[in-house]
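Engineer: Just the structure for this:
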Amino acid sequence: MRLTHLVATAAIAALLASCTANEAMDTVDVDLKKVSSKVNYQLSGKIVQKMQAMSMAKDSPIMLRIFKEEGVLEVWKANSSNRFEMLRQYKICAWSGKLGPKVKEGDRQAPEGFYPISPGQMNPNSSYYLAINTGFPNRFDQANGRFGTNLMIHGACSSSGCYSMTDEQMQEIFALSRDAYKGGQQAIQLQALPFRMTAENMARHKNSPNIDFWNMLKPGYDQFEITKRPPEVNICEKKYVFNQQTDGKFSPTGQCPAMSTPATMQGALASYNKKYNDDYAKATKKLDGLVWYEPTEAERKAIVAKQRVGKELAYAPTGTSLDAGKLMKVADLEKQEARRAELEEAKKAIEIQQAELEKSTRNGKSVPVPVENPLPKPVQQAAVEQPSAARKGFWGSLFSKGGADAQQLQPAVVAPVEAAQQQPVGQTQAVQQSAAMTTPEPASTATAKKPADAAAQAVASTTEAAPMAEQAVAEQQPKKRPFWKIWGN
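Structural biologist: Below is the predicted model:
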């Protein structure tokens with residue numbers, strides 16, 4: 001059984017590799033140093049010659065198609081028979097989030113769905129070189145309560161919910177769109193899809209929470225593959241419908257009118273779906289016991305980190321999901337997801353601790369937290385009964401006669417902020433300085449109590465008597481210490 005799984009993994013890996021290498025990426029023929037006007041830039045002779053070889057007029061309609069998982073953007077253009085062929089395929093430089101639709105502002109998801117792009121959605125003055133607004137939210141998104149703003153296809157290779165290209169790529173895409181509008185195209189269809197909706201890919205993602213949404217998009221993908229013409233898109237009952245004939249009207253939130261699929265389309269779809277169902281059954285058998293691990297944006301960025309070397313900080317290629325993801329056994333994925341959940345819980349705990357730490361600071365300074373005084377209760381009582389020394393500034397006490405001994409009589413007391421704010425400024429400073437710079441001695445001796453009592457009585461009588469209190473303290477000192485011994489015992 002294990003060998004079977006390994007063979008299946010190898011087969012799927014080979015299949016995925018063929019998807020990414022289905023066609024070589026076109027080289028962009030743009031030299032930005034020679035571009036004098038972004039709006040009026042003319043396509044290179046090389047791409048014009050390619051159009052002519054494919055029987056395409058320079059101003060014929062185009063369609064844009066995006067596949068997130070592969071990280072590619074395709075430009076399809078109508079030929080002389082009004083069938084669309086792929087003219088260009090570009091590697092998307094950056095897209096954020098994971099596979100799945102955009103739901104709300106700030107979720108970093110790039111949109112998925114079918115979006116009409118009108119000329120007014122072209123932005124030649126974008127901060128990201130050039131930009132084309134996707135039109136998110138469209139009628140489907142609005143009907144389903146999905147919202148967000150400024151979801152673009154733009155240059156600069158940096159994304160927070162957009163599809164970001166290089167500036168050279170964007171210059172060419174912009175010019176192709178401009179010429180199509182000049183030829184009379186009213187709206188360019190953007191098909192933003194998670195991946196090529198083949199049987200193998202749909203089977204590989206069958207356990208995704210987005211599978212119902214993707215199954216709804218699939219008929220639009222299928223019908224373009226069959227006809228090579230952009231499907232007609234409508235919305236009713238909060239869902240997409242494609243190429244449906246009706247005498248009624250479509251309402252995004254209302255009931256779908258009576259509708260039918262054209263007979264020719266029905267026959268083509270029947271043949272297409274028969275092959276699809278056979279392929280899906282084979283793919284499901286190959287994937288028995290295996291699931292696809294969808295990588296995070298960070299994991300995608302890690303595999304292309306070297307591409308950022310020497311570039312501007314804003315340059316942020318994200319890599320592809322196919323390169324960063326992998327097939328795994330179900331049990332292994334469950335263990336990995338459990339571990340990830342544990343790490344997320346630990347991260348949340350750290351964030352909570354940081355938030356609490358921020359609450360305990362004020363104006364960038366640490367706020368003292370009241371704690372129980374570690375000194376014996378007799379010493380605490382002496383501190384309460386001896387406030388006089390707190391009225392003296394630290395330097396005044398230090399250099400006054402007997403200042404060192406007087407400082408040593410004060411216990412280290414940490415008071416709450418509220419209490420400190422209610423005390424006179426001089427007293428608060430003295431208490432803090434005394435606590436920080438002195439080592440309390442036992443207050444049980446007569447020589448320790450006597451000068452403190454005299455100072456307390458002098459300060460209690462009147463504020464103007466403070467100098468007398470200092471003199472009384474100095475005269476009653478039993479012994480004067482040299483300055484350099486103020487920290488001695």
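Engineer: rest of the way, CA atoms for contacts and neighbours
Structural biologist: OK.
Engineer: Buried residues of stretch 319-335, list them for me.
Structural biologist: By neighbour count on 16 or more other C-alpha atoms under 10 Å, the buried set for stretch 319-335 is 319-329, 333.
Engineer: Poorly predicted segments of the stretch 251-400 of the chain, please.
Structural biologist: Within the stretch 251-400 of the chain, the stretches with pLDDT under 70 are 362-400.
Engineer: could you redo the last one with a cut-off of 50?
Structural biologist: 383, 387-400 (pLDDT under 50).
Engineer: Please enumerate the strands of it.
Structural biologist: Taking DSSP state E, counting those that start in this stretch, the strands of the stretch 251-400 of the chain run over residues 259-260, 290-293, 326-329, 361-362, 365-366.
Engineer: where's the residue nearest to S177 when sequence neighbours are not counted relative to C93, distance?
Structural biologist: Using C-alpha to C-alpha, 6 or more residues apart in numbering and skipping residues adjacent in sequence, the residue nearest S177 is I62, 7.1 Å away. Distance of I62 to C93, computed by C-alpha to C-alpha, to the nearest Å: 21 Å.
Engineer: Nearest to H205 among the strands of the stretch 251-400 of the chain would be which one?
Structural biologist: strand 290-293 (6.7 Å; C-alpha to C-alpha).
Engineer: Now do the closest one: everything it contacts.
Structural biologist: Contact with strand 290-293 is made by 5, 204-205, 207, 325-330, 333, as judged by C-alpha atoms under 8 Å, 6 or more residues apart in numbering.
Engineer: now do 7 Å
Structural biologist: 204-205, 325-330 (C-alpha atoms under 7 Å, 6 or more residues apart in numbering).
Engineer: Tell me the strands beside it, with direction?
Structural biologist: Partners of strand 290-293 in the sheet, by DSSP bridges, are strand 326-329 (antiparallel).
Engineer: hey, C-alpha coordinates of the strand it pairs with in PDB?
Structural biologist: Written as PDB, here are the backbone C-alpha positions of strand 326-329 (Å, rounded to 0.1, in the frame of the first residue of the first chain):
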ATOM      1  CA  LYS A 326       3.000  19.100  -1.900                       C
ATOM      2  CA  LEU A 327       1.000  15.900  -1.800                       C
ATOM      3  CA  MET A 328       0.900  14.400   1.700                       C
ATOM      4  CA  LYS A 329      -0.600  11.400   3.400                       C
END
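Engineer: ok, and what's touching that strand?
Structural biologist: 9, 289-293.
Engineer: Tell me the buried residues within the residues you listed.
Structural biologist: 9, 289-293.
Engineer: Could you export those to CSV, including columns for distance to Q186?
Structural biologist: CSV is the format used below for the buried ones among the contacts of strand 326-329 (distance: C-alpha to C-alpha, whole Å):
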residue, distance to Q186
T9, 46
G289, 48
L290, 46
V291, 43
W292, 40
Y293, 40
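Engineer: Out of the residues you listed, the closest to L130 would be?
Structural biologist: Y293 (34.3 Å).
Engineer: The closest one and E69: what is the separation?
Structural biologist: 12 Å.
Engineer: Where does A192 sit, in terms of helix or strand?
Structural biologist: strand 188-193 (DSSP states H and E).
Engineer: name the helices or strands packed onto that strand?
Structural biologist: strand 62-67, strand 113-117 (3 or more C-alpha pairs under 7 Å, 6 or more residues apart in numbering; DSSP states H and E).
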